[in-house]
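>>> Take this sequence and fold it.
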Amino acid sequence: MPRVAKPGRYSGGEIGQYIKERGEVYIDFAFAFPDLYEIGMSNLGVRILYDILNKIPDVWCQRAYCPWGDMEAALHEAGLPLWAHEEGLPLDAFDIIGFTLQYELSYTNVLCMLELGGVPLRAADRGDGDAIVIGGGPCACNPEPLCDFFDLLVLGDGEEVIVELVDLYRAHKQRGLDRRLFLQDAAQIQGVYVPSLYCGEYNPDGTLRELRPVCSTAPHKVKKRIVRDLDAAPFPETLVMPYIETIHDRIVLEAARGCIRGCRFCQAGMIYRPTREKSAAVLDAQARALFKKTGYDEISMCSLSITDHTHISEVAERLLKWTTPNRVSLSLPSLRVDAIDEEMLDSVYEVRQSSLTFAPEAGTQRLRDVINKNITQDDMRNAVRAAYSRNRTTLKLYFMLGLPTERDEDVTGIAELASDLIGEHTRYKHEQRDLGNIVGGSAQATISCAVFVPKPHTPFQWEAQDSCDEIVRKQRLLRDSINSRKIKYNWHDAKASRLEAVFARGDRRLGRVLEAAYRTGARFDGWDECFDFARWERAFADCGLDMDFYACRVRDPGELLPWDHLDMGVSKAFLLRERRRAIEEERTTRNCREGCEACGAGADCEMWTGA
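The predicted structure is shown next:
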């Protein structure tokens, strides 16, 4: 341990962890996060499910994280397996190993953790005495590239289905576990997908011809799970307190799940439908409980669009009554500029000095209409002016390059928009000077540009990603368009985004590519210092597959997609209608509160009209 960076990543023993007597435990569950400890400890979903599982008397859920390269080497050198934090139990000693799949570029870390833990890599090679390997999280909405390695996957909300799975496992274990029978029974639980019960066939051109069940009890369409009442949903009253600083070292409150807006590139906004909210009273009670147990001095409200919470003013008012005197800052991320008002900014800036952060996504109104962003330049000017009036002059602006129908004027429009919003500060100063008020300083903006990745279950799932050369050209065009030292420009690696798109829209054939890259050293591909695109190019070439086939090809609306058998609550008819409005008509769609668009959520949604 003294020979590796940050030994606190691996030491365990944190305050707040669950410790149980071995004689009380019947089911050992390892919650595996395929990234560093600092990131996994910040994940809200892990915190929630860890608490749920450990409140079941005969279940002990322990945590495991992917070791950094120095620790992986040390484990190999010492002949030690990867272990879980609470008890030091190796992964191959657990009954169930659950991975949360947050990001496509963490897939090689899944393989690394399984092999380091002594678990057979491929599901087909596991016997009745081996752990059941399950996965969940946003990437489970198209898990096909991972199907070789997972026994089952959970679609949608996990709070209820994870308890049902554990109950089913207990019943099978009590009568002598037969892995095959357990998986067949698990497939009967809504939200559970068992890949081994399905078989795919391909056309000569490489497209998918058929993906069918091979077992009569396996559903033809696997429907996701939805937790309807967030107020009644389990939420931890205490947290495991890390010994080292984590990415989000704070209290995180989930204010809502889902989004009413329907941005056409946004997978989360589609797969987490319908929108559900927690009440102000419940959020206040949960925040108070966690503050009392942890002493954190920051609370962050977690939501895809926090300003769309119908009672956000009441939430902020309740929290500020006790957070302000206790010097606890309240963070409201995911602000929409068309919903920011002076009261909202006062809440944000009550304790903590912070920049104004929002995501225009595109530099021109035409392209914002294409992606259904539904904000205007005037909305943004009004938002920054309100911030300037409170002496907040630092802006963070998030955009995407490579969006469908994007033109060069849309790219240069990003620089023009940033310049205009900075210029609004100059105009504001002049107006105040005319009124006899002196305003000093100047505004600054940081532009961060991601690369568009077509994601499953979105209206843009059929669209092509730009080639790497084209993305680099656009990145340079934007860089050359920025003519102010007040604007800082950050951009994402086009090649990493290419690999993300490949696995986001991939099929089962990518399993062998994933394993080939892993065997040649691929780890932590989401980290710049670890990512090696040439390694992945060799793996694809060795497996006879083409990245561009998955990432850079416009898919025909009639093509069978690898995830078509997974029902995430949005219908293909709705997605195609949204695609037509974007590509052909360049017009927006109203948000859910303005009127129901029959997206497919149906009776699960409170705003459904029955149409």
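
>>> domain parsing for this protein?
Following automatic domain parsing, one gets these domains for the chain: 7-223, 250-354+571-611.

>>> Where among those is average confidence lowest?
Among the domains of the chain, domain 250-354+571-611 carries the lowest mean pLDDT, a mean of 88.

>>> closest one to Ile438 among the domains of the chain?
Closest of those to Ile438 is domain 250-354+571-611, at 20.7 Å (criterion: Cβ to Cβ). Glycine gets a C-beta too; all of them are placed from N, C-alpha and C.

>>> Distance from the chain centre to that closest one, please.
Put simply, domain 250-354+571-611 sits 15 Å off its chain's centre (Cα atoms, centre = their mean, to the nearest Å).

>>> Three-state assignment for the residue located most distally from the centre of the chain, please.
Farthest-out residue of the chain from its mean C-alpha position, per Cα atoms, centre = their mean: Gly436, at 48.3 Å. Here Gly436 takes the coil state, with states given by DSSP: H, G, I helix; E, B strand; the rest coil.

>>> Columns mean neighbour count on top of the domains of the chain, output as JSON lines?
Below are these laid out as JSON lines (neighbours: other Cβ atoms under 10 Å):
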{"stretch": "domain 7-223", "mean neighbour count": "19"}
{"stretch": "domain 250-354+571-611", "mean neighbour count": "18"}
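
>>> Which pLDDT value belongs to the residue farthest from the centre of the chain?
Gly436 carries a pLDDT score of 87 in this model.

>>> Now do the contacts for it.
Applying Cβ atoms under 8 Å, 6 or more residues apart in numbering to Gly436 gives no contacts.

>>> Please apply the same query to Ala551.
The contact partners of Ala551, by Cβ under 8 Å, 6+ apart, come to Pro454, Ala464, Gln465, Arg498, Ala501, Val502, Arg505.

>>> Closest to Glu584 out of those residues?
Ala464 (16.2 Å).

>>> Kindly confirm my reading that Ile97 is in a strand.
Yes. According to three-state DSSP, Ile97 belongs to a strand.

>>> List the beta-bridge partners for it.
Ala30, Val133 (DSSP bridges).

>>> Please name the residues that touch it.
Contact partners of Ile97, counting by Cβ under 8 Å, 6+ apart, are Phe29, Ala30, Ala32, Leu91, Leu114, Gly117, Val119, Ala131, Ile132, Val133, Ile134.

>>> The last one reaches Phe149, doesn't it?
No. Applying Cβ atoms under 8 Å as the test, Ile134 and Phe149 come out as separate, 11.0 Å apart.

>>> just to revisit the earlier point, inside helices: which ones of the contacts of Ala551?
Arg498, Ala501, Val502 (DSSP state H).

>>> May I see those residues arranged in TSV, with distance to Asp249 as well?
Shown next, in TSV, are those (distance: Cβ to Cβ, whole Å):
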residue	distance to Asp249
Arg498	33
Ala501	32
Val502	33
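
>>> So which of these is the closest to Leu335?
Taking Cβ to Cβ as the measure, Leu335 lies nearest Ala501 of those, at 27.9 Å.

>>> any idea how far the closest residue to that closest one other than its chain neighbours is from Gly158?
In space, and not counting its chain neighbours, Ala501 is closest to Ala551: 3.9 Å by Cβ to Cβ, 6 or more residues apart in numbering. From Ala551 across to Gly158, the span is 29 Å (Cβ to Cβ, to the nearest Å).

>>> same deal with Ile56?
Separation of Ile56 from Gly158 (Cβ to Cβ) stands at 14 Å.

>>> do Pro2 as well
On the measure of Cβ to Cβ, Pro2 and Gly158 end up 37 Å apart.
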